[in-house]
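A.B. asks: Show me the folded form of this:
(chains A and B)
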Amino acid sequence: MQRALDINRTRFADWYQAVVRDADMAETSPVRGAMVIKPWGYGVWEQIQQELDRRIKATGHENCYFPMFIPLSFIAKEAEHVEGFAKEMAIVTHHRLKMIDGKLQPDPDAKLEEPLVVRPTSETIIGDAFARWVRSHRDLPLLINQWANVVRWEMRPRLFLRTTEFLWQEGHTAHASEAEAVEETRKMLEVYRTFSEDTLAMPVIAGEKPENERFPGAVNTYSIEAMMQDGKALQAGTSHFLGTHFAEAQGIKFQDDAGTVTLCNTTSWGVSTRLIGGVIMTHGDDDGLRLPPAIAPKQIVIVPMLRDKPEDADVLKYCEDLVAMLRKLSIFGQPVRAHLDTKKIKSAEKRWNWVRRGAPIIIEIGPRDAAGGNVTYMRRDQLREGDKIKSIALPRQEFLEEKAVQLLAEIQHGLYAEAKARLDGNIRCGVTDWKGVEDYYAGSDDDFKGWLRVSWSKPTAAALDAVDTKLKGLKLTIRNAPLDQPASFAPCLFTGAAGVEEILIGRAY
RNA sequence: CGGAGCGUAGCUCAGCCUGGUAGAGCAUUAGCUUUGGGAGCUAAGGGCCGUUGGUUCGAAUCCAGCCGCUCCGACCA
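C.D. replies: Numbers count the residues shown, from 1 in each chain, chains lettered A, B, ... in the order given. Coordinates of the predicted model:
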């Protein structure tokens, strides 16, 4: 059967790259590890931003913007934070170039007294502002978010999943009490979970990260974990309870109503363009990307079947009317994003381009549709019937009044249901010994392997390192301890001691 | 930074082992035909074979350095 992509999901890593390329999402750039996000990929990001920004503001946060350069001394203030990020920082040391020996290079006379780090995250520079902004308990809670780019010098970049520079949103908050900061951390995790499921149609498991996977400087780190179509886990978002670590390092203090000076408890939380990689690997198929309507930059695309004949004019007119009528409809509280593709390329090619890009509904209008008042459409989530493309013709009025909006909602829910079934069906419980783990992950790395949900005694320090090393032997990591825990536990799979918690383990991106 | 593979037309690749004037398919351009869905035929354009050096009468082909990409490690909320 002829597919829109030349690689299928059995070669998952190659397939992923093919989708990113053929769906016009992004490409590599002259700068190693940094990507060019193309209009269709950026359009998806804009939809993600728009909806998530709404949810962040609805929970009381306000947007700010902080500098992308951070004085080196700021980073040095929190010991664990430095250690965690030291190996992946870009540093600005000069502010001028000079032609020396015919080569343009940093001017030795223009060396910065204090080097500037290109932000890998903004706790330190935002904390510096917080220290100035917070005086009284009346200034709290301080609830700030920023949309920004950050740089982490990664050794092995992959488009959207791990790039040297990426776009994200980072929330930073300061609170009067520990309880309130913990509540904030959990609240934002829940915002991420519901956003991921409702908007990205990407089911996730929310939970707490083990000690060794914590954000550098955090007391607790929570994550949402999504399962990709190869069974691997993708950490799709994180929320950190920072306790008083950063407050102490940076002097974020307030006077309470009794006049006592107290350290704030702070939090931070973020999701990035990695979410787009998650969407691709959750919903893509062998014909390319399938976008959930909620984030599709164009939800309904009309391809006029033109053939350089007089009736083309009628077809175009019919399409223009149709696109205008579609735009009057609304879905998810917004006008339907309908697009008429009038680009001067072959109609058949246009159709396949939209299939690869994952437009949820593709409408093809030929002279007979125009004359008969029909709409012929195909839905991207159910593109084929057997090997053949499935297209359905309906009277225009019926399509507009009953079908279009209903279809978009159906596609959104259908993609979620499909991914949810995959997640739920591939988390195995009941494995109680290491042999069981080895058996589950035996065989080729290319075989689909899901996750295990096992009981453990939550060891710390050296005992935790031992567990980590053991898991590493099978390329496994602890993803998180899901928030919903049972009342009683099997003995610890690793130590045999009494179990205190259930955790998810699996292979990860 | 270690291991492996790769770099030839816009794209995907063949040719390299065994050195002798640069190939295919797709895409592009033009003409004709076709037209309910990824069309056919004919013709044309397009390449200092990643880069620098070496061996040779002669290098895409053999050798070495460098650069870049992919995969596996190490690293990575």
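
A.B. asks: From now on I want contacts and neighbour counts done on CA atoms only, so please keep to that.
C.D. replies: Fine.

A.B. asks: tell me which element whichever residue of the stretch 351-500 of chain A sits closest to RNA strand B is part of?
C.D. replies: As assessed by C-alpha to the nearest atom of the strand, RNA strand B sits closest to residue A:368 within the stretch 351-500 of chain A, at 2.2 Å. Per DSSP states H and E, residue A:368 falls inside helix A:367-372.

A.B. asks: low-confidence ranges in chain A?
C.D. replies: Under the criterion pLDDT under 70, the flagged ranges of chain A are A:1.

A.B. asks: per the record, what domains does it have?
C.D. replies: A:12-283, A:298-410, A:427-506 (automatic domain parsing).

A.B. asks: chain center to the helix holding residue A:368, what's the gap?
C.D. replies: 42 Å (C-alpha atoms, centre = their mean, to the nearest Å).

A.B. asks: For that helix, enumerate the helices and strands it packs against.
C.D. replies: The contact analysis (3 or more C-alpha pairs under 8 Å, 6 or more residues apart in numbering; DSSP states H and E) places helix A:367-372 against helix A:312-327.

A.B. asks: wait, does the helix it packs on contact RNA strand B?
C.D. replies: No - using C-alpha under 7 Å from any atom of the strand, helix A:312-327 stays clear of RNA strand B, coming no nearer than 9.5 Å.

A.B. asks: Buried ones in that helix, by neighbour count?
C.D. replies: A:312, A:315, A:316, A:318, A:319, A:320, A:322, A:323, A:326 (16 or more other C-alpha atoms under 10 Å).

A.B. asks: what does the stretch 51-200 of chain A put close to RNA strand B?
C.D. replies: A:84, A:85, A:87, A:120, A:121, A:154, A:155, A:156, A:157, A:158, A:162.

A.B. asks: redo that, cut-off 6 Å
C.D. replies: A:84, A:121, A:154, A:155, A:156 (C-alpha under 6 Å from any atom of the strand).

A.B. asks: Going through these, which ones are buried?
C.D. replies: In these, the ones that pass as buried (16+ other C-alpha under 10 Å) are A:121, A:154.

A.B. asks: how about TSV for the residues of the stretch 51-200 of chain A next to RNA strand B, with secondary structure and distance to residue A:287 added?
C.D. replies: TSV is the format used below for those (DSSP: H, G, I helix; E, B strand; the rest coil; distance: C-alpha to C-alpha, whole Å):
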residue	secondary structure	distance to residue A:287
A:84	helix	40
A:121	coil	37
A:154	coil	31
A:155	coil	31
A:156	coil	27
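
A.B. asks: Out of the residues of the stretch 51-200 of chain A next to RNA strand B, which two sit at the greatest distance?
C.D. replies: A:121 and A:156 (19.2 Å; C-alpha to C-alpha).

A.B. asks: picking that back up, tell me which of the domains of chain A sits most buried.
C.D. replies: domain A:12-283 (a mean of 19; mean count of other C-alpha atoms under 10 Å).

A.B. asks: Just give the nearest non-adjacent residue to whichever residue of the stretch 201-350 of chain A sits closest to RNA strand B, would you?
C.D. replies: For the stretch 201-350 of chain A, the residue closest to RNA strand B is residue A:348, as judged by C-alpha to the nearest atom of the strand, at 3.8 Å. Ranked by C-alpha to C-alpha, 6 or more residues apart in numbering and with sequence neighbours excluded, the top spatial neighbour of residue A:348 is residue A:305, at 7.9 Å.

A.B. asks: dump the residue contacts of that neighbour.
C.D. replies: A:315, A:347, A:348, A:364, A:365, A:366, A:367 (C-alpha atoms under 8 Å, 6 or more residues apart in numbering).

A.B. asks: Now do the same contact list for the most centrally placed residue in chain A.
C.D. replies: With distances taken as C-alpha atoms, centre = their mean, the residue of chain A nearest its centroid is residue A:275 (1.5 Å). Contacts for residue A:275 were tallied using C-alpha under 8 Å, 6+ apart; they are A:160, A:161, A:236.

A.B. asks: go with 6 Å
C.D. replies: Residue A:275 sits next to residue A:236 when contact means C-alpha atoms under 6 Å, 6 or more residues apart in numbering.

A.B. asks: Going by secondary structure, it is in what exactly?
C.D. replies: Counting by DSSP H and E, residue A:275 is part of helix A:274-283.

A.B. asks: now do residue A:46
C.D. replies: Residue A:46 belongs to helix A:39-58, assigned by DSSP H and E.

A.B. asks: Now find how far off-centre that helix is within its chain.
C.D. replies: That offset, for helix A:39-58, works out to 11 Å (C-alpha atoms, centre = their mean).

A.B. asks: Name the residue most distant from the centre of chain A?
C.D. replies: Distance to centre of chain A, C-alpha atoms, centre = their mean, peaks at residue A:310 (47.3 Å).

A.B. asks: Three-state assignment for that one, please.
C.D. replies: Classification of residue A:310 by DSSP: H, G, I helix; E, B strand; the rest coil places it in coil.

A.B. asks: likewise residue A:481?
C.D. replies: strand.

A.B. asks: Quick one: residues contacting it.
C.D. replies: A:207, A:208, A:502, A:503.

A.B. asks: so what's the closest residue in space to the last one that isn't next to it in sequence bridging to?
C.D. replies: Setting aside the residues directly before and after it, residue A:503 is nearest to residue A:481 in space (C-alpha to C-alpha, 6+ apart), at 4.2 Å. Using DSSP bridges, the beta-bridge partners of residue A:481 come out as residue A:208.

A.B. asks: For the stretch 51-200 of chain A, which segments count as strands?
C.D. replies: For the stretch 51-200 of chain A, the strands defined by DSSP state E, counting those that start in this stretch occupy A:62-63, A:69-71, A:91-94, A:97-100, A:103-106, A:111-118, A:142-151, A:165-175.

A.B. asks: picking that back up, neighbouring contacts of the helix holding residue A:46?
C.D. replies: Taking C-alpha under 6 Å, 6+ apart as the rule, helix A:39-58 contacts A:25, A:295, A:297.

A.B. asks: Could you list the contact residues of the stretch 301-450 of chain A toward RNA strand B?
C.D. replies: A:305, A:307, A:348, A:349, A:364, A:365, A:366, A:367, A:368, A:369, A:376.

A.B. asks: Distance of the first one relative to residue A:349?
C.D. replies: If I follow you right, that is residue A:305. For residue A:305, the distance to residue A:349 equals 11 Å [C-alpha to C-alpha, to the nearest Å].

A.B. asks: repeat for the fifth one
C.D. replies: Going from residue A:364 to residue A:349 by C-alpha to C-alpha gives 12 Å.

A.B. asks: So what touches the helix holding residue A:368?
C.D. replies: A:315, A:318.

A.B. asks: That's all I had, so thanks and see you.
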